[in-house]
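*Asks:* quick check, what structure comes out for this input:
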Amino acid sequence: MNKKQIVAVFDFDGTITTKDALVPFFSFLKTPLVAYLLLASRLPWFAAFILGIVSRQKAKETALGAVLKGMSYPVLQQNGQAFAEGPLNDLVKPEAVQRLRWHQQQGHRCILISATLDIFLKPWAEKMRFDDLICSQLAFDPKGFATGKLYGLNCWGPEKVRHLLDLLGPKETFELYAYGDSRGDRELLELADHPFYRSPFP
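*Replies:* The predicted structure is shown next:
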């Protein structure tokens, strides 16, 4: 009988970090004042999301469009790398890194799964030696400029589970540790054999 693969899946924003990383990334790109002014110009859309009038995806793409639309892939890639190597680390919880290292020492397959953007999450995940990354991806036009949209669906809620099973196959083939902190992790935590919610690092 084959032994099940053991997998550890970590949400990012609020689980590994102390807060959401997207707005700090916007501030890193544009300076805090410019970033907040750009976001403020889209306040009606954010209010509509809070009221349930527009979707989470539309609200997120509204923010992305306000700040990132028209920026080239090389510029965003360079800034994403710099953000991952510098300011992003100030948001990371040391106890989260310790738990990741424990799983790695046990030989578990470690996966980072997040609704945040690949443009800065990919270099950070590579540096931390995650085996796989599942996250939202920023879309670019044929000339390599950000459209302000996501490529595919926002990696949140049910999408996290869908992507995870696409990667790993049927749940019966692996044992799952899952770490999350919000409604966007509910389906992932329900799937897990060992769910950890909001106080995830024993």
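*Asks:* any idea where the helices of the protein begin and end?
*Replies:* 22-30, 32-40, 43-50, 56-68, 73-85, 94-105, 118-127, 158-168, 186-191 (DSSP state H).
*Asks:* strand partners (parallel or antiparallel) of the longest strand seen in the chain?
*Replies:* If you go by DSSP state E, the chain has its longest strand at strand 109-117. As defined by DSSP bridges, the strand partners of strand 109-117 come to strand 5-10 (parallel), strand 132-136 (parallel).
*Asks:* quick check, central residue of this protein?
*Replies:* Centroid-nearest residue in the chain, with Cα atoms, centre = their mean: Ser114, separated by 2.6 Å.
*Asks:* what bridges to that residue?
*Replies:* Taking DSSP bridges as the rule, Ser114 bridges to Cys135.
*Asks:* what does stretch 17-29 rub up against?
*Replies:* 12-14, 35-36, 38-39, 63, 67-68, 71, 79-80, 82-83, 87-88, 91-93, 96, 116-117, 120 (Cβ atoms under 8 Å, 6 or more residues apart in numbering). In this view, the C-beta of every residue, glycine as well, is placed from N, C-alpha and C.
*Asks:* swap in 7 Å and give it another go.
*Replies:* For stretch 17-29, the surrounding residues in contact (Cβ atoms under 7 Å, 6 or more residues apart in numbering) are 13-14, 35, 67, 79, 83, 87-88, 91-93, 116-117, 120.
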